[in-house]
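K.L.:
Sequence plus the predicted model coming up.
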Amino acid sequence: MTASSSTAAPAAGTPDPASTPAGVPVAAASDVAGVPVSEVLAMGSATLYEASGLGCDLDPAFRPAWAGARLVGRALPVQAAAGDNLPLHWALEEARPGDVLVVDAGGSPFGYWGEVLAVAALRRGVAGLVIDGGVRDTDRMRALEFPAFSTHVAIRGTGKRWPGTIGSPVVLRGRVVHRGDLVVADEDGIVVLPAASVSRVLEAARQRVAKEEAFMRRLREGELTLDLYGFRELGRPVVAEPDAPTTGDRPGDAPVTAGRPGNVPATGERTGEAP
Ligand SMILES: O=C([O-])CC(=O)C(=O)O
Ligand SMILES: [Mg+2]
C-alpha cells in the first residue's frame, strides 16, 4: 500500500515485503480490501473527491511530510492527547497490513512520529500516517518512502502519559473518520471515503477520468473548455483591448473600454469611472 513517486507500481501480493534503499522492509500490495491501489493512486485525491459527491476531503492544512508522498489504505483511527504519542506505539500492535493510522492529536506542534515509528510501521505493513499534529525526521521518512501527512513538522518531543483510543471514530478538523474508511492521500490533498461508498465512487471516478481524457484529446486539437463544458451561456466577461489606454489615475486600475454586460449586477460598481 505504501507508494511514492519513485515507486511507480506497488508490488503484487498482500503484503509483499520489498526492500528500500535503506534496507528496511516495506509492505506493498496491489489492493486493499479489493481496492486497486495503483489505479486509485493514478486517479488522485482530487478526482475521487469530485466523483464522490461527498464532503470527504480533509482540511488542506494536512500536507505531505515529503514531496511525492502518497498512500491508499484503510483508516485506523487513533486519539492522542496533546504532546503525548503513547497511543501511536499501541496502534502499531493493533494495525493490520493496509491500515493507515489516522490520528487526532489536537493539532499540536510536537514530533509525534518519526523515523523509528516509521521503520516499525513499514515492517508491519502499515500503509502510512495522517496526523493532526506534527511529525519529524522527514528526510529519513523520504528515504524510507514512508508516506506521512501532517499539519505540522515539529521537533519537540512527546510524553507517554495517556494510552488514548484506537479504532473509535476520530474527528479531524470537522471530518469524522471511522475505522475501515478508505483513505487516499497525495500532494493535492486527502479524501476519506466511507467504506460503503467506495465501489460507487470508484465507478464514478472511472467515468470522470474517461470523460476528461476525451475532453483533453479535443483540447489538444484546439477546442475550448467554454464549448466542451457549455460555459458560454453562463456569462461573458468585459474584455479590454490589448492596446487600450488605462485611466492613468491609479496604478492597478483596469483599462475601461466596454460597458457592463446585461447579466452582471450593478452592485459594487465604483463611482466616478467611465461606464
Ligand atoms: O521518537 C518519537 O517519539 C518520534 C520519533 O522521532 C521517531 O519515531 O523517530
Ligand atoms: Mg526520531
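P.N.:
Good, I have the coordinates. Ligands and ions are numbered 1, 2, ... in the order given.

K.L.:
State the distance from G68 to R179.
P.N.:
Spatial separation of G68 from R179 under the definition CB to CB, to the nearest Å is 28 Å. All C-beta spots, glycine's among them, are computed from the backbone N, C-alpha and C.

K.L.:
quick one: buried residues of stretch 171-188?
P.N.:
Neighbour counts using 16 or more other CB atoms under 10 Å place 172, 175, 177, 179-186, 188 of stretch 171-188 among the buried residues.

K.L.:
helix, strand or coil for the nearest residue to G157 once chain neighbours are set aside?
P.N.:
For G157, the nearest residue in space outside its immediate sequence neighbours is G111; the separation is 6.0 Å by CB to CB, 6 or more residues apart in numbering. Using DSSP: H, G, I helix; E, B strand; the rest coil, the structure places G111 in strand.

K.L.:
Just give the closest residue to the residue nearest the centre of the chain, not the sequence neighbours.
P.N.:
Most central in the chain under CA atoms, centre = their mean is G189, positioned 1.9 Å from the mean C-alpha point. Once flanking residues are discounted, G189 sits nearest to S45: 4.8 Å by CB to CB, 6+ apart.

K.L.:
which secondary structure element contains that neighbour?
P.N.:
Taking DSSP states H and E as the criterion, the element that holds S45 is helix 37-52.

K.L.:
Now do the strands in the stretch 51-200 of the chain.
P.N.:
Ranges of strands in the stretch 51-200 of the chain, per DSSP state E, counting those that start in this stretch, are 63-64, 70-79, 99-113, 128-135, 148-153, 165-166, 170-172, 175-177, 182-185, 190-193.

K.L.:
Can you lay out those strands as JSON lines showing distance to ligand 2 and mean pLDDT?
P.N.:
As requested, the strands of the stretch 51-200 of the chain are arranged in JSON lines below (distance: least, CB to the ion, whole Å; pLDDT from 0 to 100):
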{"stretch": "strand 63-64", "distance to ligand 2": "18", "mean pLDDT": "98"}
{"stretch": "strand 70-79", "distance to ligand 2": "18", "mean pLDDT": "98"}
{"stretch": "strand 99-113", "distance to ligand 2": "7", "mean pLDDT": "98"}
{"stretch": "strand 128-135", "distance to ligand 2": "9", "mean pLDDT": "98"}
{"stretch": "strand 148-153", "distance to ligand 2": "12", "mean pLDDT": "98"}
{"stretch": "strand 165-166", "distance to ligand 2": "21", "mean pLDDT": "98"}
{"stretch": "strand 170-172", "distance to ligand 2": "23", "mean pLDDT": "98"}
{"stretch": "strand 175-177", "distance to ligand 2": "25", "mean pLDDT": "98"}
{"stretch": "strand 182-185", "distance to ligand 2": "21", "mean pLDDT": "98"}
{"stretch": "strand 190-193", "distance to ligand 2": "23", "mean pLDDT": "98"}
